[in-house]
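> For reference, the sequence and a predicted model appear below.
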Amino acid sequence: MKELKLYFKYIRMNFLAGLQYKGWPIMVLHVMIVVISDPIGLIFLFFRFGSIGEWSMERIILIYAMAVTSFGLAETFCRGFDYFPWRMIRSGDFDRVLLRPCSLFIQIAGSYFHIHRISRVFGGICAITWCLLRQGVQPTLLNALTLILAVTGGYFAYTGVFIMTSGIAFFTIQGLDWIYIFTNASYQVTRCPIDFMPKVLRYLFTFFMPMLVVSYYPASAVCGWGESYLKGLLAMPAGLLFLMLSMFIWRIGVRHYKSTGS
Amino acid sequence: MSQIELSCISKTFKISQRPEGKFGMLRGAFVRESKIIRALDEITFEINEGELVGYIGPNGAGKSTTVKIMSGILTPDEGKCIILNRIPWKERVEHVSCIGVVFGQRSQLWWDLPAQDSFGLLKDIYSIPYRVYKKRLAELVETLDIDVLLKMPVRQLSLGQRMRCEVAAALLHSPKILFLDEPTIGLDAVSKLALREFLKKENLKNGVTMILTTHDMDDIETLCSRVMVIGRGKLLFDGRLDMLKEKYSPLRCINAVLDKHIEIFSIDGADSIKVNGNVLTVLFNPSKTAAHTMVERIASQFPLKDIVIEEQDIDEIIASMYKEMCL
């Protein structure tokens, strides 16, 4: 409980620090434009050609929006981990973190926060709502639960990716561009209809990093595209499992740091 | 019972090097040649409560590594380290709540925010009760004279002002032990004096054990009764400052101002004589020839305008000591 309070204090500090610089409204706008412009090519394509088999525009946007929302949430609340290798290990600020009597997780998760990250979440939620309305989904309790758990699971999964990034960074110090496959690039993949997705990608994003589990399956269950609710509800445990795996890697990283120094 | 106890602490680092030769740079991108460096080699010492210890050594001697091990940031390869009955790297959270660390080259304050906000966060990090915090902060603000600085963003403070805030931040939770890693680096004379004064007071009043690494010998001279010298990972000297002086610089120096220019000449019992215009500098060993005899011998030859007898400059002692040990 104390830790959670501390985390929000950290976030508050970073939030205030961010407001010290006058450019923040522009950054909010900037991310908003990125969120909207990302799928815009897709939207134009669908307007021209209608749907691809069963795959209508709403379907694709829905899956995409779910991934974006979870990514945005993780980014808003745990982006500290993503910046960690660059900002902390190289500069030696991690020593400072080790010198404070509270959880390393809280300190690093709270080490970076910027208001403009929220625009991704906001945009994502708007898009999800719009798609659900277009698909005529019933607002039942089960549907709502599935969706909320899916986004939570997605949040865990993406947080896991960030944590894993910084865990690996202990060994390499820098040069982790390939990890972008699982961060910013991963939700781009969701724009490809799952039926047409290469098997390798499909397996990678189902069984290793459970991105499709937190976006496609719940969406399919809720909208009645053929997947069962059981698969849809797997999102949360899958995300949690991935998060635990990442935390394990992170712990190994911290131990490695302590024994090798900076 | 000693508060800090290190025995046979060793630590090695792997340092990667670029391969030599024409294509060294290119090859370095693929193959790493690494060299193992022994940063600490069986360091052993004990420090009691309330001691103020200076820890000196040339760059890269292992000072910071020792401090990092004592503060629990690094794990040594071998050896035992017990501080306040705890092993620092095993019980990190409990250990760090009893110590304070000031890195002269790094800040623990939030760069964009007033120091006040950072202090507020530290209060929560260390779970200091509100009333204790208020009292302690008032005390620190008064002795460090940082009242007006509290509301300014840290990035706008000068180095001396920031350092005072750093020290306050490190002492906010009333640690029993304070590690200071080059706290006076880059400070002007006034700030240095003020900081030393404060540290001394804090040590006397609250009995805080302090370990100070520095390159500034005046820090050591004014603050520390005990000095430890480290070089190439080995502890070379551990004892009182005057013992260090006696061992490595038994000589005294007479600076005499005469009223006319003179030529160089010899004086019995002098180790070296230098003449610069009408200033005469004589080094001698007081355990062989007493000071009054030396003064008499000089005075019998020339009328003296002014005379000062002093110890050899501590910077020179340390420099010659490093040289003697081939550091």
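That came through fine. Keep in mind that what you see is a predicted model, and the values were worked out from it rather than measured.

> Dump the C-alpha coordinates for stretch B:210-226 into CSV.
What follows is stretch B:210-226, C-alpha atoms only, in CSV (Å, rounded to 0.1, in the frame of the first residue of the first chain):
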residue,chain,number,x,y,z
MET,B,210,31.4,9.7,8.1
ILE,B,211,33.6,8.3,5.4
LEU,B,212,34.9,10.8,3.0
THR,B,213,36.7,10.2,-0.3
THR,B,214,38.4,13.2,-1.7
HIS,B,215,41.3,14.6,-3.6
ASP,B,216,41.3,17.7,-1.6
MET,B,217,43.9,17.4,1.1
ASP,B,218,42.5,20.3,3.0
ASP,B,219,39.3,18.3,3.5
ILE,B,220,41.2,15.6,5.1
GLU,B,221,43.3,18.0,7.2
THR,B,222,40.4,19.9,8.6
LEU,B,223,37.9,17.0,9.0
CYS,B,224,39.5,13.7,9.5
SER,B,225,41.5,12.3,12.4
ARG,B,226,42.0,9.0,10.6
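
> For the chain, give me the ranges with low pLDDT.
If you meant another chain, say so; for now it's chain A. Chain A contains residues with pLDDT under 70 at A:85-86, A:173-181, A:184, A:260-262.

> sorry, should have said chain B
Answering for chain B: the residues below the bar, that is pLDDT under 70, span B:1, B:16-32, B:326-327.

> which parts of it sit against chain A?
B:11, B:13-14, B:65, B:68, B:71-75, B:77, B:89, B:92-94, B:96-97, B:99, B:101, B:103, B:106, B:108, B:110-113, B:117-118, B:120-121, B:124-127, B:153 (C-beta under 8 Å from any C-beta of the partner chain). Glycine gets a C-beta too; all of them are placed from N, C-alpha and C.

> Just the buried residues of those.
Among those, those buried by neighbour count (16 or more other C-beta atoms under 10 Å in any protein chain shown) are B:11, B:13, B:65, B:68, B:71-75, B:89, B:92, B:96-97, B:99, B:101, B:103, B:108, B:110, B:112-113, B:117-118, B:120-121, B:125-126, B:153.

> Can you tell me which of these end up in strands?
Among these, DSSP state E puts B:Lys11, B:Phe13, B:Ile99, B:Val101, B:Phe103 in strands.

> hang on, isn't the fourth one packed against B:Met70?
No - taking contacts as C-beta atoms under 8 Å, B:Val101 lies outside contact range of B:Met70: 9.3 Å.

> Break down chain B into its helices, ranges please.
B:24-28, B:63-70, B:92-96, B:115-125, B:130-144, B:159-171, B:189-206, B:217-223, B:241-248, B:291-301, B:314-324 (DSSP state H).

> Of the ones you listed, give the one that comes closest to A:Tyr155.
helix B:115-125 (25.1 Å; C-beta to C-beta).

> got the contact list for the closest one?
A:5-6, A:9-10, A:13, A:16, A:100-102, B:108-110, B:128, B:130, B:133, B:137, B:146, B:149-152, B:154, B:157, B:165, B:168-169, B:172-173 (C-beta atoms under 8 Å, 6 or more residues apart in numbering or on different chains).

> Okay, buried residues for the strand or helix carrying A:Ile118 please.
Using DSSP states H and E, A:Ile118 sits in helix A:118-135. Going by neighbour count (16+ other C-beta under 10 Å), the buried part of helix A:118-135 is A:118-125, A:127-128, A:131-132, A:135.

> Need the contact partners of it.
Against helix A:118-135 from outside (C-beta under 8 Å, 6+ apart): A:28, A:31-32, A:35-36, A:58-59, A:61-62, A:64-66, A:68-69, A:71-73, A:75-76, A:147, A:222-223.

> Next, see if the helix or strand following that helix gets close to chain B.
Sequence-wise, the next helix or strand downstream of helix A:118-135 (DSSP H and E) is helix A:141-172. No - judged by C-beta under 8 Å from any C-beta, helix A:141-172 stays clear of chain B, getting no closer than 12.2 Å.

> Near chain B, which residues of chain A? Just list them.
So chain A meets chain B at A:2, A:5-6, A:9-10, A:13, A:16-17, A:20-21, A:92-93, A:95-96, A:98-102, A:258-261 (C-beta under 8 Å from any C-beta).

> just the buried members of those?
Neighbour-count burial (16+ other C-beta under 10 Å) applied to the residues of chain A next to chain B gives A:6, A:9-10, A:13, A:17, A:93, A:95-96, A:98-102, A:258, A:261.

> With A:Ser111 as the reference, measure out to whichever residue of the stretch 151-300 of chain B sits closest to chain A.
Nearest residue of the stretch 151-300 of chain B to chain A: B:Pro153, at 7.0 Å (C-beta to the nearest C-beta). Relative to A:Ser111, B:Pro153 is positioned 18 Å away (C-beta to C-beta, to the nearest Å).

> center of chain A, which residue is that?
The centroid of chain A falls nearest to A:Phe71 when counting by C-alpha atoms, centre = their mean (2.1 Å).

> Specify the beta-bridge partners of B:Ile99.
Counting by DSSP bridges, B:Ile99 forms beta bridges with B:Ile177.

> That one reaches B:His173, doesn't it?
No - contact criterion C-beta under 8 Å: B:Ile99 and B:His173 do not qualify, at 9.3 Å.

> Contacts only, for residue 231.
By default, I'm working from chain A. Taking C-beta under 8 Å, 6+ apart, one finds A:Val213, A:Tyr217, A:Ser220, A:Ala221 in contact with A:Lys231.

> That was the other one, I meant chain B.
B:Gly231 is in contact with B:Gly57, B:Pro58, B:Ala61, B:Tyr322, B:Met325, B:Leu327, counting by C-beta under 8 Å, 6+ apart.

> Those, buried ones only, as a ChimeraX selection?
Selection of buried members from those for ChimeraX, criterion 16+ other C-beta under 10 Å:
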select /B:57,58,61,322,327
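
> what's the closest of the contacts of B:Gly231 to chain A?
Using C-beta to the nearest C-beta, the contacts of B:Gly231 come closest to chain A at B:Ala61, 15.1 Å.

> measure the closest one to B:Ile4 for me?
In terms of C-beta to C-beta, B:Ala61 sits 19 Å off from B:Ile4.

> go on, B:Asp268?
Distance from B:Asp268 to B:Ile4, by C-beta to C-beta: 49 Å.

> Looking at the two, which has the bigger crowd around it?
Taking neighbours as other C-beta atoms under 10 Å in any protein chain shown, B:Asp268 and B:Ile4 compare with B:Ile4 leading, 21 against 9.

> just to revisit the earlier point, just the residues of chain A next to chain B: which are in strands?
Among the residues of chain A next to chain B, no member falls in strands (DSSP E).

> Among the contacts of helix A:118-135, name the buried ones.
A:28, A:31, A:35, A:58-59, A:61-62, A:64-66, A:68-69, A:71-73, A:75-76, A:147, A:222-223.

> from the chain's centre, how far out does stretch B:169-179 sit?
Relative to the centre of its chain, stretch B:169-179 is centred 17 Å away, using C-alpha atoms, centre = their mean, to the nearest Å.
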